[in-house]
Structure formats: structure tokens, C-alpha cells
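> this is the structure alone, sequence omitted:
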């Protein structure tokens with residue numbers, strides 16, 4: 001099994017990814033605005049993509065498995081943002097707020 005000898009160690013990518021994921025988790029748990037929660041979810045998905053690409057390059061550089069999975073994550077994230085923003089805009093139009101703790105029912 002061949003590995004890539006890079007100037008940047010794998011641990012740096014893991015630390016970066018874990019910090020981004022932790023900031024995203026804090027944003028989801030602490031924020032009340034739906035748009036900020038969506039941004040935090042995107043931050044967590046980007047942290048996962050960084051991990052996938054880093055491990056793919058360091059374990060099997062000839063295979064593009066991690067990079068392909070990262071592309072799938074980015075595609076799903078784009079679809080999720082489009083759908084979620086449409087829902088948030090509709091809720092804001094009907095209720096006048098985008099705070100998630102003020103939206104307690106689905107029936108207006």
C-alpha cells in the first residue's frame with residue numbers, strides 16, 4: 001500500500017476538520033435563527049469533506065474514493081441548502097420570523 005509523502009501531516013487536517021465541525025455543532029445548538037443554523041450545518045459538512053479528501057490522499061492516492069464521496073457531500077449540501085432556504089423563506093413570509101424556537105407548529 002503506497003502512501004503520499006506530503007509536507008503537511010495528516011494530523012493538521014484532522015485538527016482543522018475537528019475544529020470546523022465543533023464550531024458547526026456549537027452553531028446548531030446555540031443559534032436560534034434558521035439561516036445561521038443552516039450555515040452551521042454547511043460548516044459541519046465541509047469539515048467532513050476535508051476529512052474524506054485528506055484520508056483519501058494519504059491512504060490510497062491512486063483511488064479517488066474519498067474525493068468522489070466529498071463531491072457527493074457537496075452536491076447533497078447544495079440541494080439541502082436550496083430546499084431549506086425555500087422552507088425558511090416560506091415560514092418567514094407566513095410568520096414574520098426566522099427564529100426556530102418561535103415556530104412551534106406546522107399549521108398556521
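Perfect, thanks for sending it. Since this is a predicted model, take the numbers as computed values, not measurements.
> which strands and helices sit next to the top helix by length along the chain?
Counting residues, the longest helix found in the chain (DSSP state H) is helix 65-95. Applying 3 or more C-beta pairs under 8 Å, 6 or more residues apart in numbering; DSSP states H and E, one finds that helix 65-95 contacts helix 34-59. From N, CA and C alone the C-beta is placed, and that goes for glycine too.
> next one: the helix it packs on to chain centre, how far?
4 Å (C-alpha atoms, centre = their mean, to the nearest Å).
> what inclination does that helix have with respect to helix 65-95?
On the basis of axes from the mean of the first three to the mean of the last three C-alpha atoms, to 10 degrees, helix 34-59 is oriented at 180 degrees to helix 65-95.
> got a list of what the residue nearest the centre of the chain touches?
With distances taken as C-alpha atoms, centre = their mean, residue 45 lies nearest the centre of the chain, 2.0 Å away. Listed by C-beta atoms under 8 Å, 6 or more residues apart in numbering, the contact set of residue 45 reads 73-74, 76-77.
> and the two most separated of those residues?
74 and 76 (7.5 Å; C-beta to C-beta).
> these two - which one has more neighbours?
residue 74 (14 against 11; other C-beta atoms under 10 Å).
> show me the contacts for the closest residue to the more buried one other than its chain neighbours.
With sequence-adjacent residues excluded and distances taken as C-beta to C-beta, 6 or more residues apart in numbering, residue 74 is closest to residue 49, at 6.4 Å. The contact partners of residue 49, by C-beta under 8 Å, 6+ apart, come to 70, 73-74.
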